[in-house]
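Novice: Quick one, fold the following:
(2 chains)
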Amino acid sequence: MSMRQLPVQNLLRRPGRTMALAALTALLAFSVFGGSIVVMSLRQGLNSLESRLGADIIVVPSSAQSKVSFQNMLLQGTTGAFYMDADNLTRVREVEGVEIAAPQVFLASLKADCCSVKIQVIGFDPETDFFVRPWIGQSYSQELGKLDVVTGCKVEANVGENIRIYDERCKVVGKPAPTGTGLDTAVYCGMDTMKILLKAAETKGVSHKVTSDPDDDVISAIYVKVKDGYDISEVNSKIQGHTRKCSAVRTKSMLTDVSDSLAGISKTVTVLIAAIWALALVILLIAFAMIAGERKREFAVLRLLGSSRAMLIGLVLKESALCSLAGGVLGVLLASLIVFPFTTLIETKLGLPYLRPEISSVTLLGLTSLAATVMIGAAASAWTSFRLSRVDPGTVLREGN
Amino acid sequence: MQRHEGKSFEVKAEQISKRYFRKTGAANCFFAVKPLSLTLEPGTVTVLCGRSGSGKTTLLHILAGLLRPTEGKVRLGETDIYSLPDKELSALRSRSVGIVPQSRSVLDILTVSENILLPQTLYKTKADRQSAEQWMDTLNILHLRDVRAGELSGGEVRRTAIARTLSMNPPIILADEPTGDLDDENTELVFRCFRQAAETHAAVLIVSHEADALKFADRAFRMDGGVMTELT
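Specialist: So this is what the prediction gives:
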């Protein structure tokens, strides 16, 4: 046995004590790593949603119950469809200050024989779109042909496969990167394909008409970019007044709700982590203080045999660092086993955009959590190690402690 | 058995005393050791006897560099040990002083063999396994070498501590009631081992109640109320 092995042997040959300390430090690492991953994922989700939206104003039919149901579609991927007269697109474009107005048409497929899966289908105009194209362009840069679709990453269909929507066979030509929002659960197609699908839906009894004229075109939402120098609120009010049976929603107000929820969750998680850390630190301090009493004689013997105070402090700190490292690794692994496989469940429960950070960020966070755990373990044992190093071996050994 | 490779030190206590303060009671200031001088010479066995509380253990701890005296100096060769910083004093103690304390002084989680080699482990010096095994054999604990100290009897623990001290091959041996847990046969054996160490130029101090200890002594002292007197 060497001096380097002594702390390891001390830990291995006292399994009960080592496991109790490791469990405490595992709790620390678990809380900080798990909690931070959830908060980071929510932030990533919000950032992704912000960058995806790109619009200043979104116009939806009043029947869409203002922003609520639309927000759910964007955030959680709930299916739904609402329609307004396509004339509203022309009206919006006429409003002063509008730079781009890009329409979208929604269609919800059915959970029936005619459809492979129940999903949201979103049709967009490739000429004006600034919302879907930049995103799907990462995986499919060509023009979408007739009955060509691009699917979100959570739709169970691979590139090259066909999916059936109202008995129309659509070919999957692309699958863009995850956004952590409801966009990942939808299917995207051009307006020509959407017209075919709307007609097919009509034959199955799913109506999208808003007027009695069968030739009238419909749209579901208009994404508006405001020209530089124009006040978005003013343009929003003008659109509201210039369109019929529509609600113009500022995307900022929609995102504010999301970011408020995120801030609330973030605060709760932070408070929870702080409480766990404070509690664990107190328990660790008590545990080390108890261990100090128990190990007095051991340290008196080491002093007797020629250990300097610095050597004893080093021994305790090495032991606590090793123990905390083991606990930290365990905590990070446990948190990974819970947080990553249950991403969908967490996302659904929170009802917010949720996008897992890059592997490099996760690794960095894991290492930071480990370092913090080791440091807190060492800090908790520092006072104990100092006290033990001051033990008067003569008194301790004479008392038979 | 080979001993200290030519190193031999004289331990010299010069007018040392140790005063304590009690927090309660009338006589709150008292001397555990009243001013005294003592020299432990290489190659000699010195026995110190006296009643409990007479100051024997305090004196031994002062000589071992474990307890700073209130007054006076302790020299190991030419070195005033209490003028050294902790790191150097600890290293000096590890190299030169073998201590057998009065109570249980082994690490329970280590085996007998690991306990005996612990001083070498602390300072990363080459473990003298042969010497350790010879002393374990002499003290009849060789068969226990792989047993954890926590599972030993009081007598076995005592012999482990003695084997550790003798294996260190130190020029100075300070033993506090080393035969406290031993039967007559082992008591005799231990005193013979210390005598053997002295014959190879170690300076040995034994604090003991045992009358038998005097048979192995070159010099003997009695302590009473912190005052030391030489027995003739």
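
Novice: Spell out, range by range, the helices that occur in chain B.
Specialist: B:56-64, B:86-96, B:112-116, B:118-122, B:129-138, B:154-167, B:184-199 (DSSP state H).

Novice: okay, now residue 37: neighbour count?
Specialist: Chain wasn't specified; assuming chain A. 25 (other CB atoms under 10 Å in any protein chain shown). C-beta: built from backbone N, CA, C; applies to glycine.

Novice: Let me rephrase: I mean chain B.
Specialist: For B:S37, the count of nearby residues is 12 (other CB under 10 Å).

Novice: was I right about it contacting B:Q15?
Specialist: Yes. Counting by CB atoms under 8 Å, B:Q15 is a contact partner of B:S37 at 5.7 Å.

Novice: Residues in contact with both of those two, list them for me.
Specialist: B:G72 (CB atoms under 8 Å, 6 or more residues apart in numbering or on different chains).

Novice: burial count for B:G25?
Specialist: 7.

Novice: Just want to check the distance between the closest residue to chain B within the stretch 201-350 of chain A and B:A149.
Specialist: Nearest residue of the stretch 201-350 of chain A to chain B, counting by CB to the nearest CB: A:G306, 2.4 Å away. Distance from A:G306 to B:A149, counting by CB to CB, to the nearest Å: 19 Å.

Novice: for B:Q15, same thing?
Specialist: To B:A149, B:Q15 is 39 Å away according to CB to CB.

Novice: Neighbour count for those two, which is higher?
Specialist: More neighbours surround B:A149 than the other of B:Q15 and B:A149, with 22 against 11 (other CB under 10 Å).

Novice: just checking, the more buried one touches B:S105?
Specialist: No. Using CB under 8 Å, B:A149 makes no contact with B:S105, being 9.8 Å away.

Novice: Find the residues that touch each one of these two.
Specialist: B:V157.

Novice: Where does the stretch 1-150 of chain A get nearest to chain B, which residue?
Specialist: Nearest residue of the stretch 1-150 of chain A to chain B, counting by CB to the nearest CB: A:R13, 4.1 Å away.

Novice: Got phi/psi on that residue?
Specialist: phi -90, psi 0 (degrees, to the nearest 10).

Novice: Any figure for the gap between the nearest residue to it once chain neighbours are set aside and A:G293?
Specialist: Nearest non-adjacent residue to A:R13, counting by CB to CB, 6 or more residues apart in numbering or on different chains: B:I109, 4.1 Å away. B:I109 sits 17 Å away from A:G293 when distances are taken as CB to CB.

Novice: Could you check which of these two is surrounded by more residues?
Specialist: Remark: of B:I109 and A:G293, B:I109 carries more neighbours, 18 against 12, as counted by other CB under 10 Å.

Novice: Which pLDDT value belongs to the more buried one?
Specialist: pLDDT, B:I109: 87.

Novice: That one: what's it in contact with?
Specialist: The contact partners of B:I109, taken as CB under 8 Å, 6+ apart, are A:Q9, A:N10, A:R13, A:R14, B:R148, B:A149, B:G150.

Novice: ditto for B:G50
Specialist: Per CB under 8 Å, 6+ apart, neighbours of B:G50: B:K56, B:R222, B:M223, B:D224.

Novice: For PyMOL, write the select line for the buried members of those residues.
Specialist: Selection of buried members from the contacts of B:G50 for PyMOL, criterion 16 or more other CB atoms under 10 Å in any protein chain shown:
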select buried, chain B and resi 56+222+223
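
Novice: Just the ones in strands from the contacts of B:G50, please.
Specialist: Using DSSP state E, the subset of the contacts of B:G50 located in strands is B:R222, B:M223, B:D224.

Novice: For the residue lying closest to the second one once chain neighbours are set aside, give its distance to chain A.
Specialist: In this case it means B:M223. Sequence neighbours aside, B:G50 is the residue nearest to B:M223 in space, at 3.7 Å (criterion: CB to CB, 6+ apart). Separation of B:G50 from chain A (CB to the nearest CB, to the nearest Å) stands at 15 Å.

Novice: Up against chain B, what does the stretch 251-400 of chain A have?
Specialist: A:297-298, A:300-311, A:392-394, A:397-400 (CB under 8 Å from any CB of the partner chain).

Novice: Sitting in helices, which of the residues you listed do you find?
Specialist: A:297-298, A:300-304, A:309-311, A:393-394, A:397-399.

Novice: Just list the residues touching A:P393, thanks.
Specialist: Residues in contact with A:P393 (CB under 8 Å, 6+ apart) are A:F299, A:A300, A:V301, A:R303, A:L304, B:L66, B:P101.

Novice: between the residues you listed, which is closest to A:S51?
Specialist: A:F299 (58.5 Å; CB to CB).

Novice: ok, now which ones touch the closest one?
Specialist: Neighbouring residues of A:F299 by CB under 8 Å, 6+ apart: A:S307, A:L312, A:L388, A:S389, A:V391, A:P393, A:V396.

Novice: how about B:L166, what does it touch?
Specialist: Counted by CB under 8 Å, 6+ apart, B:L166 has contacts B:G98, B:W135, B:I173, B:C193, B:A197.

Novice: Reformat those as TSV; add pLDDT, neighbour count and distance to chain A.
Specialist: Below are the contacts of B:L166 laid out as TSV (pLDDT from 0 to 100; neighbours: other CB atoms under 10 Å in any protein chain shown; distance: CB to the nearest CB, whole Å):
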residue	pLDDT	neighbour count	distance to chain A
B:G98	92	27	9
B:W135	92	25	16
B:I173	94	25	13
B:C193	93	23	19
B:A197	91	25	17
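
Novice: which residues in the stretch 1-150 of chain A form helices?
Specialist: A:5-12, A:15-53, A:66-76, A:87-94, A:133-136 (DSSP state H, counting those that start in this stretch).

Novice: Now do the contacts for the residue of the stretch 201-350 of chain A closest to chain B.
Specialist: Applying CB under 8 Å, 6+ apart, the residues contacting A:G306 are B:S90, B:A91, B:R93, B:S94, B:R95, B:P119, B:L122, B:Y123.

Novice: can you count the residues close to the closest residue to it other than its chain neighbours?
Specialist: Taking CB to CB, 6+ apart, and ignoring the residues beside it in sequence, A:G306 has B:S94 as its nearest neighbour in space, at 2.4 Å. As a burial measure, B:S94 scores 21 neighbours (other CB under 10 Å).
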